[in-house]
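Engineer: A predicted structure for the sequence below; I have some questions about it.
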Amino acid sequence: MPSTKNINQVEELTDKLSRAKAVYITEYLGLNVDDITKLRKEFHSNDVEFKVTKNTLLKLAAEKNNLKGLDDYLHNSTAIALSYEDPTTPAKVIKDFTKENDLPQVKGIVFEGEILDGSEFKKFADVPTKEESLAKLIALLQSPLTKLVWALKSPMSNVGNVLTSLKENKSN
């Protein structure tokens, strides 16, 4: 008979999985307490929830959300990074963190209901954020306008230069 604590945790995980745009299933065993604390702070400052969970409870919550095929990624120690806003944010945090550490290792990803292998995580980590994409778009849109202004300004400058040269030649 399952304990009340486990039943509540399954309900909580079921709710979190249903609301999350992306869930990164990670292997964290091997990180010391300082590293895990640092990683949690990085996730927290980027609005990502990081939670150590039991594989069996996560499996039950996944089944309640009709996520099939997650069993392959639920082995050894498991922690999940849940993003409710930008699905690429956890990948960016993990990528930055693993520059100094070997872990956490991404075992699998649940991206808007699709289950992907952990090897796909680098693709997500390299995707620009919404803000970065908008900044690039604005720069691209401004570039032709700037060129147009210079193109329109250039003939006027040339006409002015020609008139000044003519004036100087006539005065000599």
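Structural biologist: Now that the structure is in, tell me what you want to look at. Numbering: from 1, shown residues only.
Engineer: distance-wise, check K107 relative to G118.
Structural biologist: Taking Cβ to Cβ, to the nearest Å as the measure, K107 falls 5 Å from G118. To be clear about C-beta, it is placed using only N, CA and C from the backbone, and glycine gets the same treatment.
Engineer: neighbour count: these two, which is higher?
Structural biologist: Comparing K107 with G118 by neighbour count (other Cβ atoms under 10 Å), the higher total belongs to K107, at 22 against 16.
Engineer: make sure the more buried one is indeed in a strand.
Structural biologist: Yes - the assignment for K107 is a strand, going by DSSP: H, G, I helix; E, B strand; the rest coil.
Engineer: so what pLDDT did it get?
Structural biologist: Per-residue confidence for K107 comes out at a pLDDT of 96.
Engineer: what's the answer for F50, then?
Structural biologist: 97.
Engineer: part of a strand, is it?
Structural biologist: Yes - applying three-state DSSP, one finds F50 inside a strand.
Engineer: please name the bridge partners of it.
Structural biologist: A81 (DSSP bridges).
Engineer: any common contacting residues for K107 and G118?
Structural biologist: 25, 73 (Cβ atoms under 8 Å, 6 or more residues apart in numbering).
Engineer: quick one, phi psi at the residue most central in space within the chain?
Structural biologist: Nearest to the geometric centre of the chain sits T88, at 2.0 Å (Cα atoms, centre = their mean). Phi and psi for T88, reported as degrees, to the nearest 10, are phi -90, psi -10.
Engineer: which ones are touching it?
Structural biologist: T88 neighbours (Cβ under 8 Å, 6+ apart): 22, 124-125, 127, 129.
Engineer: that one and L39, how far apart?
Structural biologist: The value you get for T88 to L39, if Cβ to Cβ is used, is 17 Å.
Engineer: picking that back up, in strands, which of the contacts of T88 fall?
Structural biologist: In strands, defined here by DSSP state E, the members of those are A22.
Engineer: out of the contacts of T88, which end up buried?
Structural biologist: 22, 124-125 (16 or more other Cβ atoms under 10 Å).
Engineer: tell me the least confident of the residues you listed?
Structural biologist: F124 (87).
Engineer: once you drop chain neighbours, what's closest to that one?
Structural biologist: A91 (3.8 Å; Cβ to Cβ, 6 or more residues apart in numbering).
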